[in-house]
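Asks: Please find the sequence and the predicted model below.
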Amino acid sequence: MDVDWMGALLGAVVGAFLTAGLGYVAYVFERNKVEKAAINELVRELSERRAFAIAEPRLIPGAAAGQYFKQLNSSVLLVRERIRETRAKLVRHSQAQEALTSMIQACNRYLERSAGDPPRYWFLAAELRDELHARLRKTGLNDAAEVVRPGDLAFSG
């Protein structure tokens, strides 16, 4: 009689571990899907940003007084916030979190440098675009060759 009780207990314990294990595997799989989708959405959004569609950067005398300088800086602020939102969705991928943190820092550097030298803001924005692209390729959640450069799809169609 004691043997039946022990067998039932062992079956319940093994069943609980199997259920928990399968639940964890499903969680990891779903979490990876969510995180990859968040990075893919960020890549898509940045690829469509007109602010980064810079064909030939040049000096812009008097840029600080112009509307395009202000618009580009506003766009970089929005991009920085979007990157923060994406980073907040990542739980399991420290490599991607580090890449996104570097992207936020790059946006901060652009804003600081462009405020100090407005005529060079197009050059600085092109540098930012290229740094964002390089960091997106280092998230580890995408095939690096598939990551579209920011601004490259802004006017396609």
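Replies: That came through, no problem.

Asks: switch to C-alpha atoms for all contacts and neighbour counts from now on
Replies: Noted.

Asks: in stretch 64-74, what counts as buried?
Replies: Residues of stretch 64-74 classed as buried under the neighbour-count rule (16 or more other C-alpha atoms under 10 Å) are 64, 69, 72, 73.

Asks: neighbours of residue 12, just the number please.
Replies: By other C-alpha atoms under 10 Å, the residues close to residue 12 number 12.

Asks: Distance-wise, check it relative to residue 26.
Replies: 21 Å (C-alpha to C-alpha, to the nearest Å).

Asks: just residue 133 next, same as before
Replies: 31 Å.

Asks: So which of the two has more stuff around it?
Replies: residue 133 (21 against 12).

Asks: Once you drop chain neighbours, what's closest to that one?
Replies: Using C-alpha to C-alpha, 6 or more residues apart in numbering and skipping residues adjacent in sequence, the residue nearest residue 133 is residue 149, 5.3 Å away.

Asks: quick one: secondary structure of residue 155?
Replies: Of the three states, residue 155 takes coil under DSSP: H, G, I helix; E, B strand; the rest coil.

Asks: got the contact list for it?
Replies: Residue 155 makes contacts with 48, 50, as judged by C-alpha atoms under 8 Å, 6 or more residues apart in numbering.

Asks: can you give me the helices for the protein?
Replies: Remark: helices assigned in the chain by DSSP state H are 2-47, 67-89, 94-116, 121-137.

Asks: Quickly, which of the ones you listed bottoms out on average pLDDT?
Replies: Ranked by mean pLDDT, the helices of the chain bottom out at helix 2-47, which scores a mean of 83.
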